[in-house]
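Participant: return a 3D structure for these sequence lines:
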Amino acid sequence: MAKLVEHGEQAAGFTFYHTPGHAPDELTIQKGGVLFAGDHILPEITPHPTIKSSVPDTVRNNLPEWHRDEDKLYGLDVYLRSLMLIGGMGEETLVMPAHRLINRGKLNVLTAARAREIADHHIERVEVILEIMGTSSWSLGDLTKKLFAHRRLNNVYEAALHETMAHVELLIRCGDVLNTPENRFVGTGTQNYLDFLSGPASQAVNSSSP
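Facilitator: Residues are numbered from 1 along each chain as shown. The predicted structure follows:
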């Protein structure tokens with residue numbers, strides 16, 4: 001029989017952490033000094049954050065109460081908070097990812113510190129987007145193509161759009177980017193995201209709830 005687990009719950013020597021952001025229902029499971037991290041933390045590549053989403057009330061009403069607030073389940077800010085939670089466990093904690101543990105004959109040994117590397121990557125991407133935008137007006141498509149100008153997007157264009165949008169959403173929330181009625185994005189010239197990001201990073205390590 002299936003049983004729901006809550007963030008921080010312990011059972012049979014395992015500790016369960018709700019680590020949304022890459023996926024709303026992502027669980028990271030700890031056994032001793034090892035974390036089973038799913039797609040939350042991966043070697044070689046940086047998992048993309050979800051974009052802000054909503055679910056129908058018919059679905060929401062059948063979810064556990066702590067799982068009904070989409071703002072706590074989706075978005076780059078949520079993913080960064082989850083990454084910082086795990087990153088706080090440091091280099092003493094090994095990570096078993098869902099894939100790429102062994103890739104092309106190479107064993108990718110990870111520690112929880114990898115979570116902070118992924119968080120740093122996404123923060124750097126926020127900075128790059130602001131630098132690209134300046135105070136000009138951009139469509140999401142043009143911004144994505146500029147951001148990923150170093151690679152071909154043929155089969156991954158939609159994924160790249162979502163990646164870009166997740167970062168733009170955070171900047172809109174911080175007031176560093178405005179969304180115009182024409183559905184274009186304009187930089188405001190501010191860097192409020194710096195203050196915003198210090199919150200999730202500092203709060204996550206001591207958080208006992210998702």
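Participant: report the contact partners of the residue most central in space within the chain.
Facilitator: Most central in the chain under C-alpha atoms, centre = their mean is residue 79, positioned 2.7 Å from the mean C-alpha point. Residues in contact with residue 79 (C-beta atoms under 8 Å, 6 or more residues apart in numbering) are 20-22, 49-50, 122, 166. Using the backbone N, CA and C atoms, a C-beta is placed for each residue, glycine as well.
Participant: again, but for residue 44
Facilitator: 100, 103, 108.
Participant: now, of the contacts of residue 79, which are buried?
Facilitator: 20-22, 49-50, 122, 166 (16 or more other C-beta atoms under 10 Å).
Participant: distance check, the residue nearest to the centre of the chain against residue 18.
Facilitator: When C-beta to C-beta, to the nearest Å is applied, the distance between residue 79 and residue 18 equals 12 Å.
Participant: do the same with residue 71
Facilitator: 14 Å.
Participant: near residue 171, how many other residues are there?
Facilitator: 25 (other C-beta atoms under 10 Å).
Participant: pretty sure residue 173 sits against residue 77.
Facilitator: Yes: assessed by C-beta atoms under 8 Å, residue 173 is found in contact with residue 77 at 7.2 Å.
Participant: overlap in contacts, those two.
Facilitator: Shared contacts of residue 173 and residue 77, counting by C-beta under 8 Å, 6+ apart, come down to residue 196.
Participant: these two: who's more crowded?
Facilitator: Using other C-beta under 10 Å, the more surrounded residue of residue 173 and residue 77 is residue 77, with 23 against 17.
Participant: show the backbone phi and psi for that one.
Facilitator: Note on residue 77: its backbone torsions stand at phi -60, psi -40 [degrees, to the nearest 10].
Participant: got a pLDDT number for it?
Facilitator: At residue 77, the pLDDT value in this model is 93.
Participant: so how far is residue 49 from it?
Facilitator: Residue 77 is 9 Å from residue 49, where distance means C-beta to C-beta.
Participant: since that was my last question, I'll sign off now.
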